[in-house]
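> Provided below are the primary sequence and the corresponding predicted coordinates.
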Amino acid sequence: MEIIAKIDVLRECLAQEAAIAFVPTMGNLHAGHIHLVEQARKHGQCVVVSIFVNPLQFGANEDLTSYPRTLKEDCEQLIAAGADVVFTPTEQTLYPVAQTMLIEPPPIANELCGANRPGHFRGVATVVMKLFNIVQPHSAIFGSKDFQQLFIIRELVRQFNLPINIIAGDTQREDSGLALSSRNGYLTPAQKLEAQRLYRTLQMVVDNVKKGNRDYALIETQSSQYLTQLGWIVDYISIRSATTLAPASAEDTALVVLGAAKQGKTRLIDNIEFSLEN
Ligand code: PAF
């Protein structure tokens, strides 16, 4: 496996590759990322993983400086998973001058996670566009846990006519149901035990809707209150159309329930996509 930090070296290394499958990450890899790498293997002969903690997508009071950086362990895992190339640019390499040209995502980027993280998806879309231009992949794999991010990346590819096949990787979970996330490492053992409740709550929402309850606003309020009473700081629980991400109407049949809430200082997100068609 090649570990490459410079753009020109990476371009030279990939110049002859006919089918590149790309997995962009911020490192601190876990089984969820490795699953994406395994999926990438099915979509390309050369699997490229990037590791870059992108300052542009972090807010002023977020965990940019404390975000875990574990390059050595990440590379060991990637070798075992069969990745071909790891791209590890520095901030100076990706942003040699102030990034004043930015990708402005659609208004949906200001809802859900974007409502409390202004500019987050602008930062994500901008770095992903840069990485796509550098790596020039044929396919790129993104985790479904970040459902809104995946939606925005699909829009980026669609609206800028990028010749890249975007593939959604399934969310990987612990036996408890807790979605794997680099931020789970911040949780105390007691918080980790409680953290599984976010997924269970989303499951309760799905059951409720599948039973025929169409008062989505009430379901959202009740499930948020339930978590709040148990000590969570709830950002949102929201039932949306899985195709447009607009708030779900009673006519929508392809749905997703998304949730974001804090256990202590750790913000967790999760979602469940489901269908009301038989
Ligand atoms: O999902 C992530 O890890 C990041 O948002 C991404 C896509 C690598 C962009 O920095």
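In hand now; what should we look at? Numbering: from 1, shown residues only.

> what's the mean pLDDT across the longest helix belonging to the chain?
Determined from DSSP state H, the single longest helix within the chain is helix 189-210. Helix 189-210 carries an average pLDDT of 98.

> buried residues of that helix, list them for me.
Judged by neighbour count (16 or more other Cβ atoms under 10 Å), helix 189-210 contains these buried residues: 191-192, 194-199, 201-202, 204-206, 208-209. Every C-beta, even on glycine, is put in place using the N, C-alpha and C of the backbone.

> for it, packing partners?
Secondary-structure packing of helix 189-210 (3 or more Cβ pairs under 8 Å, 6 or more residues apart in numbering; DSSP states H and E): helix 216-229, strand 233-241, strand 254-263, strand 266-275.

> overlap between the buried residues of helix 189-210 and the residues near the ligand?
Contacts with the ligand are made by none of the buried residues of helix 189-210, judged by Cβ under 6 Å from any ligand atom.

> going by distance to residue 72, which of these wins?
Closest to residue 72 out of the buried residues of helix 189-210 is residue 192 (24.6 Å), distances taken as Cβ to Cβ.

> out of the helices and strands packed on helix 189-210, which is the most enclosed?
Most buried of these, by mean neighbour count (mean count of other Cβ atoms under 10 Å): strand 254-263, with a mean of 22.

> and the residue of the stretch 151-278 of the chain closest to the ligand?
Nearest to the ligand, among the residues of the stretch 151-278 of the chain, is residue 153, at 7.4 Å (Cβ to the nearest ligand atom).

> list of residues touching the helix or strand harbouring that residue?
Residue 153 belongs to helix 147-159 when assigned by DSSP states H and E. Contacting residues not belonging to helix 147-159 are listed as 103, 105-106, 108-109, 112-114, 121, 124-125, 128-129, 140, 142-144, 162, 164, 166, 168, 245, 256, 258, 271, 273 [Cβ atoms under 8 Å, 6 or more residues apart in numbering].

> quick check: residues of the stretch 101-250 of the chain near the ligand?
So the stretch 101-250 of the chain meets the ligand at 124, 127-128, 146, 149 (Cβ under 6 Å from any ligand atom).

> just send those residues back as CSV, with pLDDT too.
Below are these laid out as CSV (pLDDT from 0 to 100):
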residue, pLDDT
124, 98
127, 99
128, 99
146, 98
149, 98
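
> now, which of these sits nearest residue 37?
When these are compared for distance to residue 37 (Cβ to Cβ), residue 146 wins out at 16.3 Å.

> show the pLDDT at the closest residue to that closest one other than its chain neighbours.
Nearest non-adjacent residue to residue 146, counting by Cβ to Cβ, 6 or more residues apart in numbering: residue 269, 7.2 Å away. The model reports residue 269 with a pLDDT of 98.

> cool, and residue 278?
pLDDT for residue 278: 73.

> any idea how far it lies from residue 132?
39 Å (Cβ to Cβ, to the nearest Å).
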